[in-house]
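Undergrad: show me how the following folds:
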Amino acid sequence: MNPIQPIKKDITQPTQTAIEALSEVCDLSRAELKQSFTKGAVWVTSGTQKPTRVRRVKRALKLGDRIELHYNPKVLNEVARTPILMLDNVKYSIWLKPRGMLSQGSKWGDHTALYRWVEMNYQADNESQSRQAWLVHRLDRATCGLQLLAHSKKMAQILTKLFENRQIEKRYKAIVHGQFPSSVESIESTEHSQTYQTNIDGRSAITHVKRLKFDAAQNLSLVDVKIETGRKHQIRIHLSQNGFPILGDRLYGDETLDNQDNRPRPNMQLTAYQLEFTCPINQTPIKITLDDAQLDLTDLSATDLSSTEPKRAV
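TA: Alright, predicted model coming up:
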């Protein structure tokens with residue numbers, strides 16, 4: 001069986017269940033098929049609607065439906081890393097997503113994605129069953145950090161609107177190559193930060209960056225990042241474009257610099273360490289900040305914030 005090509009079946013019998021239909025066109029056992037449903041590898045398309053993920057093996061299919069199994073045993077056998085609950089407000093929650101965990105799944109499965117892990121594994125002490133979870137913003141797989149989940153469609157819409165209106169502030173810390181320009185000003189001020197505004201995919205993108213530490217021996221800087229927009233890979237692109245690639249970034253980074261001194265190439269050193277917004281339920285201020293032990297970043301030896309001439313990565 002080809003694990004990449006989807007297994008498809010057009011429904012011609014109105015009484016068929018989803019698992020019966022797939023059993024006719026593949027040689028997987030029922031146990032393997034059930035696992036594929038649970039882990040998000042089965043999709044159904046009805047008419048002109050978009051394909052939707054199906055988890056109920058006994059879902060009744062209609063004439064004209066198409067069922068697809070995107071079977072990839074490597075994906076289905078992956079084990080998710082465990083996130084940490086930071087805040088539970090019932091209608092939404094905030095989690096520390098570990099580096100290596102997905103924010104969202106793919107057509108081959110979603111059991112290792114944060115939202116699905118929460119649905120499958122988290123249940124509050126006073127609840128009789130787990131909650132559904134909706135993703136309202138994303139972090140790259142290689143990025144560690146704070147992530148919001150909604151637990152109703154209505155709350156997902158509310159939180160998404162807050163992000164669109166820039167009413168949720170996100171801050172990141174990153175380790176970058178080179179001596180980033182320093183500032184002794186307060187990190188809460190953007191007046192003396194470096195601001196990058198190069199468009200990404202034709203859309204406005206604004207990133208503010210400040211240096212917190214510089215390790216001269218390794219020529220690495222710890223920087224604080226605040227973004228006004230949320231374009232895909234925005235921080236990674238802006239820092240790389242301006243000569244300060246993030247340590248361990250496999251897409252926009254510098255492998256030669258990452259491997260200097262014969263050190264093993266680290267995981268990408270980018271962490272979403274702070275979320276701040278007004279709670280849409282009771283209008284109280286919410287501010288969650290990771291402590292140093294939760295950042296999962298390389299420890300830099302120096303704390304020099306002097307305004308010496310910066311050295312860029314070369």
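Undergrad: which stretches of the stretch 151-300 of the chain form strands?
TA: For the stretch 151-300 of the chain, the strands defined by DSSP state E, counting those that start in this stretch occupy 169-177, 194-196, 207-215, 220-227, 270-278, 285-289.
Undergrad: closest to Leu239 out of the ones you listed?
TA: With CB to CB, the closest approach to Leu239 among the strands of the stretch 151-300 of the chain belongs to strand 169-177: 5.6 Å. To be clear about C-beta, it is placed using only N, CA and C from the backbone, and glycine gets the same treatment.
Undergrad: check which residues of that closest one are buried.
TA: Neighbour-count burial for strand 169-177 flags Lys170, Arg171, Tyr172, Lys173, Ala174, Ile175, Val176, His177 (criterion: 16 or more other CB atoms under 10 Å).
Undergrad: residues contacting the third one?
TA: Neighbour list for Tyr172: Gly145, Asp224, Val225, Lys226, Ile227, Ile235, Leu270, Thr271, Ala272, Tyr273 [criterion: CB atoms under 8 Å, 6 or more residues apart in numbering].
Undergrad: which stretches of the stretch 201-314 of the chain have low pLDDT?
TA: 302-314 (pLDDT under 70).
Undergrad: likewise for the stretch 51-200 of the chain?
TA: 183-192.
Undergrad: let's go with 80 and repeat that
TA: For the stretch 51-200 of the chain, applying pLDDT under 80 flags the ranges 182-192.
Undergrad: from Trp43, how far off is Arg53?
TA: 6 Å (CB to CB, to the nearest Å).
Undergrad: to clarify, my last question referred to Gln197.
TA: 40 Å.
Undergrad: so for these two, which residue has more residues nearby?
TA: Using other CB atoms under 10 Å, the more surrounded residue of Gln197 and Trp43 is Trp43, with 18 against 12.
Undergrad: list the contacts of Gln269.
TA: So Gln269 contacts Ala174, Ile175, Val176, Ile246, Leu247, Gly248, Leu297, Thr298 (CB under 8 Å, 6+ apart).
Undergrad: which of these sits closest to Phe163?
TA: Ala174 (20.7 Å).
Undergrad: surely that closest one meets Thr271?
TA: Yes: using CB atoms under 8 Å, Ala174 is in contact with Thr271, at 7.4 Å.
Undergrad: common neighbours of those two, please.
TA: Leu297.
Undergrad: can I get the contacts of Tyr172 in TSV with neighbour count and distance to Thr38?
TA: Formatted as TSV, the contacts of Tyr172 follow (neighbours: other CB atoms under 10 Å; distance: CB to CB, whole Å):
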residue	neighbour count	distance to Thr38
Gly145	25	27
Asp224	18	41
Val225	26	37
Lys226	20	39
Ile227	21	36
Ile235	26	34
Leu270	29	32
Thr271	25	31
Ala272	24	29
Tyr273	25	33
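Undergrad: fine by me, thanks again.
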